[in-house]
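Undergrad: Coordinates for the following, if possible.
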Amino acid sequence: MKLSHPTSWLILSLLLILGCSEYTEFSGYIVGVDDQPIEGVRVDFFVVPDSHRASATSDSEGAFRVGWDGVPDGDVKLVFSCPGYEEYSKVIAKGSGEGFMEHRIVLRRLDADDVAAD
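TA: I've put the predicted structure just below:
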């Protein structure tokens, strides 16, 4: 959908503001142990125990942003996965305030033996 008229943008903005009373979002950066950004990391957002809500993929700067319309009724689990790297999970306790922080996630490369075993 192409929105080129300023009124179209205004209407879309109002719909987004009025239509989304609450939104939960997590964002941050994913880097390797060498502190270099990792592109293409899949980030899955779950409400614990295992209710999948949303997914995102890190960009060329390792940045990610994943969110969901609504407020989770429990703890949130973020799972970070990328071929060639160890999977990493982070659980954020409901009401901890960690959702408002920018997260820095460090992924470790798999050993050549680990990759061959897959």
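Undergrad: And the helices in this structure?
TA: 6-19, 112-117 (DSSP state H).
Undergrad: Out of those, name the one with the poorest average pLDDT.
TA: Per-segment mean pLDDT for those reaches its minimum on helix 6-19, at a mean of 43.
Undergrad: What is the least confident helix or strand in the chain?
TA: Ranked by mean pLDDT, DSSP states H and E, the weakest helix or strand in the chain is helix 6-19, scoring a mean of 43.
Undergrad: count of neighbours near the closest residue to residue 55 other than its chain neighbours?
TA: If you skip the residues right next to it in sequence, residue 55 has residue 44 as its closest partner in space, 5.2 Å away by CB to CB, 6 or more residues apart in numbering. (Glycine included, C-beta is placed from N, CA and C.) Residue 44: 16 surrounding residues under other CB atoms under 10 Å.
Undergrad: Mind jotting down where the strands sit in the chain?
TA: 23-32, 42-47, 51-57, 63-69, 76-81, 88-92, 102-107 (DSSP state E).
Undergrad: want to throw the ones you listed into a markdown table with mean pLDDT?
TA: Formatted as a markdown table, these follow (pLDDT from 0 to 100):
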| stretch | mean pLDDT |
| --- | --- |
| strand 23-32 | 88 |
| strand 42-47 | 90 |
| strand 51-57 | 86 |
| strand 63-69 | 84 |
| strand 76-81 | 91 |
| strand 88-92 | 90 |
| strand 102-107 | 88 |
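Undergrad: what's near enough to touch the residue lying closest to residue 49 once chain neighbours are set aside?
TA: Closest residue in space to residue 49, ignoring its immediate chain neighbours: residue 74 at 7.8 Å, by CB to CB, 6+ apart. Contact analysis of residue 74 by CB atoms under 8 Å, 6 or more residues apart in numbering lists 47, 48, 49, 94.
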